[in-house]
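Asks: When you get a sec, could you give me coordinates for this:
(chains A, B and C)
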Amino acid sequence: MPELPEVEVVRAGLERHVVGSTIASVEVLHPRPVRRDHRGSTGFVAALVGQRIVAVRRRGKYFWLALANGDALLGHLGMSGQMLLHEPGAADERHLRVRFTLRVPGPDSARPPATLEMRFVDQRMFGGLAVSEGGAELPTEIVHIARDPIDPEFDDEEFVRRARRRTSAVKRLLLDQGLISGVGNIYADEALWRAKLHGERPGDRLTGPVLRDLLGHVRAVMGEALAQGGTSFDALYVNVNGESGYFDRSLDAYGQEGRPCGRCGTPIRRVAFMNRSSYFCPSCQRPPRTASRRAGGR
DNA sequence: ACTTACACCTGCCAGC
DNA sequence: TGCTGGCAGGTGTAAG
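Replies: Alright, predicted model coming up:
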């Protein structure tokens, strides 16, 4: 489920419930999700135990828990990752990979601290966690990730300049996390549909106004998703459940193969693109000539 | 520096 | 029932 809006929902939920708490213990149940941590599982645990969480931050689809010693617990949800909060003792999920036990300070100094479990659950394990040394502000591991379009410091004109110098298809550019972060396959297709732009149009054949318009649609669709994603929160449960709400109702293109385009009624088409799928309206989103010739279309 | 293909994982579903 | 192939919201790496 995780593109920018979903990760932001997770970030906000973690911020609300774990900032101020201390990591009492860490249990790595599968080595793969910590593969990016060069310390290995044991070192990963040692670097975290006793640390206090002071902030939860995000860039694109990465999030991190800033620690009091200046390090960070950096995370990515991959295709199927979740960060869940539970009362201790809740039944283990089938794909529970890492368990953190947190000591949450009491509401006032007279009350005893409570215990909370934070769990990294990930079926496919494309996601992962790592301790980033000195990474509390911005982990060095992700300096190559561009700012995301929700970031107030995102530079629209720089994006337009760089995109117009690239020969790649515009959808590939939207998915390039070094150019603009947080956009995945769903929001790329949705923004392109709204912009009436075919994803295979090369970047260097697009004008500045067209790219600015596309950027506006990226922000709009993400903003709408974020507004709906924010409802999936419970007091002690960070619900990272991608099947809910938004996706069933509000998608105009993604996953809509054969259904009529909401603008013109033409059936939405699906084509293979970059080892995945692209959905678009063949009438509203005209393919570039070269792409249609290569695909054998008319 | 840019571009592209591929590897990395597990599970589910349709079709045989 | 069980097999197979195709598909799934992502990214790092390596080679051109």
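Asks: Next, the closest residue to DNA strand B within chain A: phi, psi?
Replies: Using Cβ to the nearest atom of the strand, the single residue of chain A nearest to DNA strand B is residue A:124, 3.2 Å away. In this view, the C-beta of every residue, glycine as well, is placed from N, C-alpha and C. When read as degrees, to the nearest 10, the backbone of residue A:124 gives phi -90, psi -20.
Asks: Which secondary structure state is assigned to residue A:253?
Replies: At residue A:253 the chain is in coil, as set by DSSP: H, G, I helix; E, B strand; the rest coil.
Asks: Go ahead and confirm it touches residue A:188.
Replies: No: under the criterion of Cβ atoms under 8 Å, residue A:253 is not in contact with residue A:188, lying 9.7 Å apart.
Asks: give me the low-pLDDT residue ranges for the stretch 51-200 of chain A?
Replies: For the stretch 51-200 of chain A, no stretch has pLDDT under 70.
Asks: Could you measure from residue A:12 over to residue A:265?
Replies: Taking Cβ to Cβ, to the nearest Å as the measure, residue A:12 falls 38 Å from residue A:265.
Asks: the more surrounded of those two?
Replies: Using other Cβ atoms under 10 Å, the more surrounded residue of residue A:12 and residue A:265 is residue A:12, with 17 against 10.
Asks: What pLDDT is listed against the more buried one?
Replies: We have a pLDDT of 90 for residue A:12.
Asks: Can you report how many residues lie near the closest residue to DNA strand C within the stretch 101-250 of chain A?
Replies: Nearest residue of the stretch 101-250 of chain A to DNA strand C (Cβ to the nearest atom of the strand) works out as residue A:184 at 2.0 Å. Counted with other Cβ under 10 Å, the neighbours of residue A:184 add up to 22.
Asks: Residue A:252 too?
Replies: Neighbours around residue A:252, by other Cβ under 10 Å: 18.
Asks: Verify the stated contact: it with residue A:262.
Replies: Yes: between residue A:252 and residue A:262 there is a contact under Cβ under 8 Å: 5.2 Å.
Asks: Contact partners for the residue of the stretch 101-250 of chain A closest to DNA strand C?
Replies: Neighbouring residues of residue A:184 by Cβ atoms under 8 Å, 6 or more residues apart in numbering: A:2-4, A:61, A:175.
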